[in-house]
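1. This is the structure alone, sequence omitted:
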């Protein structure tokens, strides 16, 4: 094997950069295209402008060879599937140029691919589907075009690809995912060859799957993959980036292959440093000492000491972020409302790039062998004792009390909480923030929207109503704005999936609830209808998971502070006469540690926090919870332990794959029958088929009929049609069930 001639790896780099635009230009361009208000050429032009802005900004901040091919019109895992030719046959009949979005969002006739969380983050990726008949045909057009595009701007870049092992481990449709590894590697060889021919001297292959537990067979696959790619003639330098934790046994495996550079997450995975393999002496270590997952400023002295120690054991040390900066906002300088004291503690993407560049400069002038002293850091305080375990009355007793109180029919119909956020609502909220609309006028608009939503649900025939959440900008930010200990940003947007963006709050101090948050609007909706109205709350784990959280006390303690605030809100809703209260925990699976050894401890305190939050509810008050797009089947025991009376989960998008695991679920359950993340509206026949599949698993007296998630991202015409079909299908089945019951009694 001939060793390729490769230029030195940059002394400072990042693994990726935000891609939605500083003012969410990608979101607006995508939605305009999907709505028919913009052409495909206009969407492509927005993409070129965002890439240009990213590359030139990173070059201005001092990075040499910044990453390329990190931009995506929807999702980078979906981009990889298309690059490899892994397009399921059912999507190939889509209109020219629409295959990509058909896979992401579905069409009138075909449902989209499944979507779930990217490891333990709130980013959602499109799950590749690979079957025995999938023919991998590489198309390197996108990464090559972006390499060329950057070069035309005078910027040399490093193309980034999802690594072959991670890609296969994330895919579904195979009994043994890595059985197709050699086929996939052939496609990667084609892409690497094309990139080298276009002038790429380095390519980054992301392998975050190595931060989770891996079997010996999977580690053998890693070894095989990178020995084969490393043997490719005329290839670029190979940089394998690992992140989201320590990679443990995978490190000596990677070090024993011909790859020239290995990226280590030294923020969440400092176990790397205990026993570095000797084989690293010939490698470049790309040291992720600046966190890509939070907004806190890096302790420069500690990071420099880590870098200096690594330098003694590797051929070269490059300073980097721990993972892509996809997970943080663009620029702290855009925030003018945060307190100066808090700003001194923060760093967004641009500030983190500056930290990386500064650390690389300091390392370069540090004499060889010198390791700077690190000031003694006071350890975080020990976790405070947990409150006494919250134990409600046994479920059977509660269920009987709720049946008498609520008098709901079989297969009750409901929604998850939010209704469409119209342009008028968003404009009113913006006018309120800007001071052009007073509180009284804004409240009047919210009241009118709530009444409209209630009347719509009554007309459609839903059994349990919601107020639609028109007053809420986001299910976490809204609560953060009403709790002590949080700060919120104006421009701190982060991509969740596709065109969906959130502004994670900054949880920087002790959390307290100074006043009721949701009672006013829930009570107003309840006054409009004789039907039960759900109070809608976000659970403590999700509020913490979808915020940037302080690091000076244990995460469990932070979560219990939030749980106490939620418990107070549950109490006040109940006292106001709300008899159904939903406390959502869609992030319960998301925070699950990637290593099995760490999972039990987390699940224990996560369940404790939820049970504390709901512990004040009386027997006749029905507690609901909701989880979505988070592989709930993997934590079903913990979901059962939450002890909610009704649990609603995502099931439609994943075609009911969770159903076989639910046969022993002990309480009421609503596996979703309508995928709200796709504009496609299911027919009543499709919904009835989904409900029948659920009734094959669970008894009818414990099944609810509901969508997969909230309806905020859909339009009112889509919602009305879909909910009409949901109610029609449910009533048809309900009549059949009641008829069978009557016949059995007769």
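-> Received it, and whenever you're ready, just let me know what you need. Since we're looking at a predicted model, the values are computed, not measured.
2. In this protein, where is pLDDT below threshold?
-> Residues of the chain meeting the criterion pLDDT under 70: 1-5, 270-272, 274-275, 375-380, 382-389, 630, 741-746.
3. Please tell me how far the most centrally placed residue in it sits from residue 606.
-> Nearest to the mean C-alpha position of the chain, by C-alpha atoms, centre = their mean, lies residue 122 at 2.1 Å. Separation of residue 122 from residue 606 (C-beta to C-beta, to the nearest Å) stands at 16 Å. For glycine as for every other residue, the C-beta is placed from the backbone atoms N, C-alpha and C.
4. ok, and the closest non-adjacent residue to residue 181?
-> residue 221 (5.6 Å; C-beta to C-beta, 6 or more residues apart in numbering).
5. pretty sure that neighbour is touching residue 182, no?
-> No: counting by C-beta atoms under 8 Å, residue 221 sits too far from residue 182 to count as a contact (9.9 Å).
6. more crowded one of those two?
-> residue 221 (23 against 14; other C-beta atoms under 10 Å).
7. that's a helix at the more buried one, yeah?
-> Yes: with DSSP: H, G, I helix; E, B strand; the rest coil as the criterion, residue 221 is part of a helix.
8. residue contacts, the residue nearest to residue 181?
-> 165, 178, 181 (C-beta atoms under 8 Å, 6 or more residues apart in numbering).
9. measure it to residue 205 for me?
-> 14 Å.
10. Need the residues touching each of these two.
-> Contact criterion C-beta under 8 Å, 6+ apart; no residue bridges residue 221 and residue 205 by contacting each.
11. Spit out the contact partners of residue 676.
-> Applying C-beta under 8 Å, 6+ apart, the residues contacting residue 676 are 416, 707-711, 713-714.
12. And the helices in the stretch 501-650 of the chain, which stretches?
-> All helices of the stretch 501-650 of the chain, identified by DSSP state H, counting those that start in this stretch, fall at 519-527, 540-545, 555-575, 599-613, 636-641.
13. Tell me which of these approaches residue 504 most closely.
-> helix 540-545 (9.3 Å; C-beta to C-beta).
14. what about the residue lying closest to residue 11 once chain neighbours are set aside, how many neighbours?
-> Leaving aside its sequence neighbours, residue 11 sits nearest to residue 360 (C-beta to C-beta, 6+ apart; 4.4 Å). By the criterion of other C-beta under 10 Å, residue 360 has 22 neighbours.
15. how close does residue 165 get to residue 180?
-> Distance from residue 165 to residue 180, by C-beta to C-beta: 11 Å.
16. Which one's more surrounded, the two?
-> residue 165 (27 against 21).
17. got a list of what the more buried one touches?
-> Counting by C-beta under 8 Å, 6+ apart, residue 165 touches 178, 181, 207, 209-210, 218, 221-222, 225.
18. Could you identify which of the residues you listed has the most neighbours?
-> Neighbour-wise, the contacts of residue 165 (other C-beta under 10 Å) top out at residue 210, 30 neighbours.
19. Which secondary structure state does it sit in?
-> helix.
20. Now the phi/psi pair for residue 462, please.
-> The phi and psi values for residue 462, taken as degrees, to the nearest 10, are phi -70, psi 150.
21. tell me the contacts of it?
-> Listed by C-beta under 8 Å, 6+ apart, the contact partners of residue 462 are 413-415, 531, 723, 727.
22. For those residues, which entry has the maximal number of neighbours?
-> residue 415 leads the contacts of residue 462 on contacts (other C-beta under 10 Å) with 27 neighbours.
23. right, and residue 294 touches residue 550 too?
-> No: using C-beta under 8 Å as the test, residue 294 is too far from residue 550 to be in contact (9.7 Å).
24. that older thread, could you check the distance from the residue nearest to residue 11 over to residue 318?
-> With C-beta to C-beta as the criterion, residue 360 and residue 318 are 7 Å apart.
25. Please identify the most buried of the helices of the stretch 501-650 of the chain.
-> Compared across the helices of the stretch 501-650 of the chain, helix 540-545 shows the largest average neighbour count, a mean of 27 (mean count of other C-beta atoms under 10 Å).
26. So what's the gap between that one and the chain middle?
-> 13 Å (C-alpha atoms, centre = their mean, to the nearest Å).
27. That helix - contacts with which helices or strands?
-> Packing contacts for helix 540-545, counted by 3 or more C-beta pairs under 8 Å, 6 or more residues apart in numbering; DSSP states H and E, involve helix 555-575, helix 599-613.
28. of all the ones you listed, which lies closest to residue 323?
-> Among the helices and strands packed on helix 540-545, helix 555-575 sits nearest to residue 323 (C-beta to C-beta), with 18.4 Å.
29. what is the orientation angle of that closest one with helix 519-527?
-> Relative orientation of helix 555-575 versus helix 519-527 (axes from the mean of the first three to the mean of the last three C-alpha atoms, to 10 degrees): 40 degrees.
30. quick check: angle from helix 555-575 to helix 599-613?
-> 30 degrees.
31. If you count contacts, what does helix 555-575 end up packed against?
-> strand 506-512, helix 519-527, strand 534-538, helix 540-545, strand 580-584, helix 599-613.
32. Please produce TSV containing these, extended by distance to residue 77.
-> Below are these laid out as TSV (distance: least, C-beta to C-beta, whole Å):
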stretch	distance to residue 77
strand 506-512	28
helix 519-527	38
strand 534-538	27
helix 540-545	21
strand 580-584	26
helix 599-613	24
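33. Excluding chain neighbours, give the residue nearest to residue 213 in space.
-> That would be residue 596: by C-beta to C-beta, 6+ apart, it lies 5.3 Å from residue 213.
34. nope, residue 648 is what I was after
-> Residue 648 sits nearest to residue 670 (C-beta to C-beta, 6+ apart), 3.8 Å away.
35. Am I right that that neighbour falls within a strand?
-> Yes: if the criterion is three-state DSSP, then residue 670 is within a strand.
36. Report how many residues lie close to it.
-> Neighbour tally, residue 670, other C-beta under 10 Å: 25.
37. who touches residue 304 in this structure?
-> 359, 362-363, 366, 372.
38. Checking my notes, it in a helix, right?
-> Yes: Residue 304 sits within a helix when classified using three-state DSSP.
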